[in-house]
Structure formats: C-alpha cells, structure tokens
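Structure for this input, please:
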Amino acid sequence: MRYLPERNLWEGGATFVVGLALLLFAGDVEVPVVDLAKVGIVMMCVGGAQTVWGLFRAARRQRG
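So this is what the prediction gives:
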C-alpha cells in the first residue's frame, strides 16, 4: 500500500464487510450496551464513506 487512497479503499472495504457481517449474523446476540445490528449499519456507513473518499482521492491524484 504505497499511496493513501489505496489504503483508504482497503480499509473502507474491510470496514464495510465487517459491518455487513455484524448486520446479517449478529442480530440476535444480546449485548448489554449496544445493539450489534445497529453497530453493523454504522460500520457500513463509515466503510462506504471511507471507500468513496479513497476513490475521490485516487481520481484527483490521476487528474492533477
């Protein structure tokens, strides 16, 4: 991972996948403080935003 946009793409994709796994498979797990399905949704949003930011930075680097 030589460039920051590539790192953002990998991290964002991994965060999205972990959030999706939490949403799909941890919905019935009881945790006293948080609901794991909601944590999965938040992680998917953060991972998607990070992936879009990495794509934006990669496109900007190639153009300019």
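
all strands for the protein, in order.
Along the chain, counting by DSSP state E, no stretch forms strands.

for it, which residue is closest to the average position?
Most central in the chain under C-alpha atoms, centre = their mean is residue 47, positioned 1.6 Å from the mean C-alpha point.

If you average the pLDDT over the longest helix seen in the chain, what comes out?
With DSSP state H setting the assignment, residue counts place helix 36-63 as the longest helix in the chain. Averaged over helix 36-63, pLDDT sits at 89.

From the contact counts, what lies against that helix?
Using 3 or more C-beta pairs under 8 Å, 6 or more residues apart in numbering; DSSP states H and E, the elements in contact with helix 36-63 are helix 4-25. To be clear about C-beta, it is placed using only N, CA and C from the backbone, and glycine gets the same treatment.

Run the chain-centre distance for the helix it packs on.
3 Å (C-alpha atoms, centre = their mean, to the nearest Å).

mind listing what's buried in it?
For helix 4-25, a neighbour-count test (16 or more other C-beta atoms under 10 Å) marks 5, 8-9, 11-12, 15-16, 19, 22-23 as buried.

Give me the residues contacting that helix.
1, 36-37, 39-55, 57-58, 61 (C-beta atoms under 8 Å, 6 or more residues apart in numbering).

hmm, which of these are the buried ones?
Using 16+ other C-beta under 10 Å as the burial test, the contacts of helix 4-25 include 36-37, 39-40, 43-44, 47, 50-51, 54, 57-58 as buried.

Turn those residues into JSON lines, columns for distance to residue 30.
JSON lines is the format used below for the buried ones among the contacts of helix 4-25 (distance: C-beta to C-beta, whole Å):
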{"residue": "36", "distance to residue 30": "9"}
{"residue": "37", "distance to residue 30": "12"}
{"residue": "39", "distance to residue 30": "13"}
{"residue": "40", "distance to residue 30": "15"}
{"residue": "43", "distance to residue 30": "19"}
{"residue": "44", "distance to residue 30": "21"}
{"residue": "47", "distance to residue 30": "25"}
{"residue": "50", "distance to residue 30": "29"}
{"residue": "51", "distance to residue 30": "31"}
{"residue": "54", "distance to residue 30": "35"}
{"residue": "57", "distance to residue 30": "40"}
{"residue": "58", "distance to residue 30": "41"}
